[in-house]
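S.K.: Kindly return the folded structure for what I paste below:
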Amino acid sequence: MASLLREASAYLKNKGIIRYHHEARDFLCHAAGLEAGDLFRDPAALIPEDRASEFRYYIRKRGTRLPFQYLTGYQGFWSCDVRVNPSVLIPRPETEILVEEALRFSGRMGEPKIIDLGTGSGNIALALALELRDAQVFAIDINHDAVCMAAFNAARYQVESRIHFICADLFSAIDPKCYGAYFNMVVSNPPYVSEEEFDNLQPEIRHHEPRKALLAGRKGLDVYHRLIPSAAEILGAGGVLAMEIGRGQEEAVSRILRETGWRILHLREDYSGLPRVIVAERG
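M.R.: Model (predicted):
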């Protein structure tokens, strides 16, 4: 195993992979069904040739800058292993902050009715359903394949009865006349990458993750201009909107909120000290 790891680490390093040794180790564990500690206890041990071939396949594909998570098929998020493929964004640790804020403000809602807009893999909806046993979550995405992936993840954790999956553009499938004041909260990690930022993203993101789930116009604000006023029609007075935002977008998004009658409740920073989540209340 040690020689396999050395060979793979050198290959990934040559391909520009920053965490080349860690990824080689994780790929070997995934292919061979081992824990990381097994590699340290007996580094000279051999693994079956079919497992070694699978490991080499992962390394070659990773060398093309295909994301690690798309190769293994899973990404850890909250307390879950979320199934992912190239039809959905890979969940990021920063988005757990959005879940934390949603949970914090849901405490005053009794049996909350929550919309997860742009659900993707369903990671946010899944985390909320697992933490809020009395909640009903409506997971919406314009991408049918993403909705199917989210439904798969909900079924794995047996919360599919409390998550309702909808394929639609924003809130187009929800009639405000029927649902006005029915929903308590909208949670969203929308596309917010500007065209300029997109050109500077890592190859893993730029070439492999779904562009429509990332790009949001020249300034990265296009979806907020649609989402925020639409959410005001869906939520009744006192309803809460919690959104993830991109670098440097706090002022622009705050302005859109104020201009459409929202009262900003909280602005939460991420682990790097950048404003990442904004929470507002319907007036």
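S.K.: what about the residue nearest to Gly63 when sequence neighbours are not counted, distance to Arg60?
M.R.: Leaving aside its sequence neighbours, Gly63 sits nearest to Lys15 (Cβ to Cβ, 6 or more residues apart in numbering; 4.2 Å). Using the backbone N, CA and C atoms, a C-beta is placed for each residue, glycine as well. According to Cβ to Cβ, to the nearest Å, Lys15 stands 10 Å off from Arg60.
S.K.: cool, and Tyr271?
M.R.: Relative to Arg60, Tyr271 is positioned 33 Å away (Cβ to Cβ).
S.K.: of those two, who's got more company?
M.R.: Neighbours per residue (other Cβ atoms under 10 Å) separate Tyr271 from Arg60, with Arg60 holding more: 13 against 10.
S.K.: mind listing what the spatially closest residue to Leu214 that is not a sequence neighbour touches?
M.R.: Excluding the flanking residues, the one nearest Leu214 by Cβ to Cβ, 6+ apart is Val193, at 4.5 Å. Shown in contact with Val193 (Cβ atoms under 8 Å, 6 or more residues apart in numbering): 201, 214-216, 220, 246.
S.K.: which residues in the stretch 151-283 of the chain form helices?
M.R.: Secondary structure of the stretch 151-283 of the chain (DSSP state H, counting those that start in this stretch): helices at 176-179, 195-199, 203-208, 222-234, 250-259.
S.K.: Pretty sure Ala232 sits against Glu259.
M.R.: No. Distance between Ala232 and Glu259: 10.8 Å, which falls outside the contact criterion (Cβ atoms under 8 Å).
S.K.: the more surrounded of these two?
M.R.: A count of neighbours by other Cβ under 10 Å puts Ala232 above the other of Ala232 and Glu259, at 20 against 10.
S.K.: Quick check: pLDDT value at that one.
M.R.: Looking at Ala232, its pLDDT is 91.
S.K.: Ok, Ala154 next?
M.R.: 97.
S.K.: can you pull the contacts of it?
M.R.: Contacts of Ala154 (Cβ under 8 Å, 6+ apart): 122, 125-126, 129, 139, 160, 163, 165.
S.K.: what do you get for Val240?
M.R.: When contacts are counted by Cβ under 8 Å, 6+ apart, Val240 touches 105-106, 184-186, 265, 279-282.
S.K.: do Ser79 as well
M.R.: By Cβ under 8 Å, 6+ apart, Ser79 lies in contact with 127, 130.
S.K.: What of the one 10 residues further on?
M.R.: Listed by Cβ under 8 Å, 6+ apart, the contact partners of Leu89 are 120-121, 209-210, 213-214.
S.K.: Tell me if I am right that it is in a helix.
M.R.: No. Looking at Leu89 with DSSP: H, G, I helix; E, B strand; the rest coil, it is coil, so not inside a helix.
S.K.: ok so, going back, considering the contacts of Ala154, which possesses the most neighbours?
M.R.: Within the contacts of Ala154, neighbour counts (other Cβ under 10 Å) peak at Gly122, which reaches 34 neighbours.
S.K.: Mind pulling up the pLDDT for that one?
M.R.: In this prediction, Gly122 carries a pLDDT score of 97.
S.K.: Tell me the secondary structure at the closest residue to it other than its chain neighbours.
M.R.: Nearest residue to Gly122 in three dimensions, chain neighbours excluded: Ala150, at 2.8 Å (Cβ to Cβ, 6+ apart). At Ala150 the chain is in helix, as set by three-state DSSP.
S.K.: In this model Pro86 seems to touch Gly73, though I could be wrong.
M.R.: No. Gly73 is beyond contact range of Pro86, at 10.9 Å (criterion: Cβ under 8 Å).
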